[in-house]
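**Student:** Dropping the sequence and predicted coords here.
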Amino acid sequence: MLKSRFLSAALAFSLCACNTATASPPQSVADTPPAATMVTVPVDGRELRISVFRPAEAPRGVLFLSHGAGGSPEMMRPLIDRLIGAGFAVVAPLHRDSMTYPAQDREDLQSAFATRIADLQATSAVADRLFPGLPYGGVGYSYGSLFALIGGGALKDMVGASVPAMKAVATFSSPGLIPGVVTDAGLQGVSVPTLMITGTRDMVTGFIPDPAAHVHYFENEPAGGRYLAIVDGASHDFVYGQEPGYDAAIDITVRFLQAYVLGDGAALRMLNDTESRGLIEFRRR
């Protein structure tokens, strides 16, 4: 149940352009990855569509993935394909703010806050049903980063929607510092290891004017198990895989998820040995 203080804050929360809806690059037929399996489940009187991406071999772990505002799982295929290539299954809901919905069915971000939380819970239940016993983690982009972090314990006094099975959360950017919603106290609730990938140009005009807003998340979550990669020159669209430094940043992301979701000791040692290099400034705390 949403707490009343969020409801009042949400009224003042104007539409955050947390996803600039850049399309993925065109691919040849030969290079097109296999389509996802679509699972549809009823949630609060509506139907939630969940894309399920499976690796070629039996998955070693499962990742909840939350897209940015207005986006979709398919827009994030460069990232998803790297994750399934590393042995993870990915379960990705199509949130109600997605531009793929007809205008009459689409929600604004105030309304979508509540439905995205319900999507997190429903998708996590589907993951447990489809992949019983496998370790579970979260991945998010922009607005979706907040909901992956909620699964990891963020905003626990406001929404209380953490997912106990979630072992770690990797995020690309954040929705910035939403007044009355994203607070330092709310970030202190994060109880799992986190990684954020951001960039020196990670801004959205009128909504996220300062890239330091993303670093604020890293600095204000509880110490221990915190990782941050800042890519020189990277914009808010970095997640789509068309900017320099992407491959190196994804290598760090995969290593983090292998270390903390799968419990891979070698990956953890490699992660902790990572140093700033090339375009990437790497921090840990």
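**Tutor:** Received it, and whenever you're ready, just let me know what you need. On a predicted model such as this, the values are computed, not experimentally measured, just so you know. Numbering: from 1, shown residues only.

**Student:** The residue positioned nearest the centre of the chain: what's its closest spatial neighbour, skipping adjacent residues?
**Tutor:** In the chain, the centroid-proximal residue (Cα atoms, centre = their mean) is residue 140; its distance is 0.4 Å. In space, and not counting its chain neighbours, residue 140 is closest to residue 148: 3.3 Å by Cβ to Cβ, 6 or more residues apart in numbering. To be clear about C-beta, it is placed using only N, CA and C from the backbone, and glycine gets the same treatment.

**Student:** For that neighbour, give me the backbone phi and psi.
**Tutor:** Torsion angles at residue 148 (phi, psi; degrees, to the nearest 10) stand at phi -60, psi -40.

**Student:** Go ahead and confirm it touches residue 67.
**Tutor:** No. Under the criterion of Cβ atoms under 8 Å, residue 148 makes no contact with residue 67, lying 10.6 Å away.

**Student:** follow-up on the earlier one: now the residue nearest to the centre of the chain, which residues is it bridged with?
**Tutor:** Assessed by DSSP bridges, residue 140 has beta-bridge partners residue 66, residue 171.

**Student:** mind showing which ranges of the chain have poor pLDDT?
**Tutor:** Counting by pLDDT under 70, the chain contains low-confidence ranges at 1-34.

**Student:** Quick check: the gap between residue 48 and residue 225.
**Tutor:** According to Cβ to Cβ, to the nearest Å, residue 48 stands 31 Å off from residue 225.

**Student:** right, I mislabeled it, should have said residue 113
**Tutor:** 26 Å.

**Student:** Show me which of the two is the more surrounded one.
**Tutor:** residue 113 (24 against 18; other Cβ atoms under 10 Å).

**Student:** any idea which helix or strand carries that one?
**Tutor:** Taking DSSP states H and E as the criterion, residue 113 maps to helix 109-130.

**Student:** ok, now residue 199?
**Tutor:** strand 194-201.

**Student:** My guess is residue 139 contacts residue 148. True?
**Tutor:** Yes. Counting by Cβ under 8 Å, residue 139 touches residue 148, with 6.0 Å between them.

**Student:** any shared contact partners between these two?
**Tutor:** 64, 65, 66, 169, 170, 171 (Cβ atoms under 8 Å, 6 or more residues apart in numbering).

**Student:** Let me have the residues you listed in TSV, adding neighbour count and distance to residue 159 as columns.
**Tutor:** TSV is the format used below for those (neighbours: other Cβ atoms under 10 Å; distance: Cβ to Cβ, whole Å):
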residue	neighbour count	distance to residue 159
64	28	16
65	25	19
66	29	14
169	32	15
170	28	21
171	27	17
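
**Student:** Out of those residues, the closest to residue 135 would be?
**Tutor:** residue 64 (12.0 Å; Cβ to Cβ).

**Student:** would you put the C-alpha positions of the top strand by length along the chain in CSV?
**Tutor:** Counting residues, the longest strand found in the chain (DSSP state E) is strand 226-235. The C-alpha coordinates for strand 226-235 follow below in CSV (Å, rounded to 0.1, in the frame of the first residue of the first chain):
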residue,chain,number,x,y,z
ARG,A,226,28.5,0.2,-3.6
TYR,A,227,30.0,0.6,-7.1
LEU,A,228,29.9,3.5,-9.6
ALA,A,229,31.2,3.7,-13.1
ILE,A,230,31.3,7.2,-14.7
VAL,A,231,31.8,7.1,-18.4
ASP,A,232,33.5,10.2,-19.9
GLY,A,233,31.1,11.8,-22.4
ALA,A,234,28.3,9.4,-21.9
SER,A,235,24.7,10.7,-22.1
